[in-house]
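Asker: next come a sequence and a model predicted from it.
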Amino acid sequence: MQKLKVLYNSVCPVCREGICAFERRTRQDGDKVAYVDVSRTPDAFRDMGVSLDDVRFKLHAITPEGELLRGWPAIARLWRVTPGFGWLAIVGDAPGVNLISAGLYDVTARLLLVWNRLNKRW
């Protein structure tokens with residue numbers, strides 16, 4: 001069975017803790033997600049057009065069908081396969097609401113990027 005691949009950066013403490021929480025939940029439900037820490041394998045997905053800097057800025061995911069998702073769509077897909085979070089994906093991806101969700105994600109991602117740079121994590 002193909003898994004959803006989630007690309008994340010463990011150097012960001014907020015990202016690391018968030019992914020750890022999702023990993024615990026998805027593992028309890030049959031391990032449908034492969035988590036890839038790009039800080040340990042920075043060139044692993046360069047052939048898909050994903051760089052370490054891209055993942056430092058936004059969460060990325062690769063669907064079992066090979067589609068690359070960046071930012072909010074990646075979060076929504078992860079929520080869909082995470083026990084207890086499916087309803088959040090449905091609400092967050094509803095027409096109109098998805099624009100707000102994406103905007104909030106982008107603002108949060110930008111703030112985290114600045115915060116990590118100020119703290120010299122990269």
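Answerer: Right, received. Where do you want to start?
Asker: low-confidence regions, the protein specifically.
Answerer: 1 (pLDDT under 70).
Asker: pull the longest helix from it.
Answerer: The residue-count maximum for a helix in the chain (DSSP state H) belongs to helix 97-118.
Asker: what is it packed up against?
Answerer: Applying 3 or more Cβ pairs under 8 Å, 6 or more residues apart in numbering; DSSP states H and E, one finds that helix 97-118 contacts helix 52-57, helix 72-81, helix 86-92. Every C-beta, even on glycine, is put in place using the N, C-alpha and C of the backbone.
Asker: next one: the longest one to chain centre, how far?
Answerer: The chain centroid and the centroid of helix 72-81 are separated by 8 Å under Cα atoms, centre = their mean, to the nearest Å.
Asker: report all helices and strands that it contacts.
Answerer: Judged by 3+ Cβ pairs under 8 Å, 6+ apart, helix 72-81 is in contact with strand 4-8, strand 60-62, helix 86-92, helix 97-118.
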